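Sequence and predicted structure are below.
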Amino acid sequence: MPSFKCKDIGMKCKFEVKTQNQDEIVPIIAMHASKSHSMPDIPPEIMEKVKKAIKK
Ligand SMILES: [Zn+2]
């Protein structure tokens with residue numbers, strides 16, 4: 001199951017998420033970034049980090 005922790009990309013944030021598959025996790029992270037980190041669009045370099053930080 002893929003999982004992601006915001007702190008793994010250096011954010012001071014306790015958010016973490018687990019989903020059944022990779023396709024589900026990215027939109028959830030995007031929604032969180034938009035709500036909690038004022039990032040309605042995740043910049044490509046951050047998205048790179050996010051994808052690397054997702055544990056499969
Ligand atoms: Zn966060």
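Everything's here; your move.

At the geometric centre of the chain, which residue do we find?
Compute the mean C-alpha point of the chain, and by Cα atoms, centre = their mean the closest residue is residue 29, 3.7 Å away.

secondary structure element for that one?
helix 22-36 (DSSP states H and E).

what packs against that helix?
strand 3-5, strand 16-18, helix 44-53 (3 or more Cβ pairs under 8 Å, 6 or more residues apart in numbering; DSSP states H and E). (Each C-beta comes from the backbone N, C-alpha and C, glycine too.)

so residue 11 touches residue 37, yeah?
Yes. The pair residue 11 and residue 37 qualifies as a contact (Cβ atoms under 8 Å) at a distance of 7.0 Å.

Up against the ion, what does this protein have?
For the chain, the residues in contact with the ion (Cβ under 5 Å from the ion) are 6, 11, 13, 15, 36.

ok, now with 6 Å
6, 11, 13, 15, 32, 36-37 (Cβ under 6 Å from the ion).

most neighbours, which of those?
residue 6 (20 neighbours; other Cβ atoms under 10 Å).

And the pLDDT for that residue?
Looking at residue 6, its pLDDT reads 97.

what's the answer for the one 3 residues further on, then?
According to the model's per-residue confidence, residue 9 sits at a pLDDT of 96.
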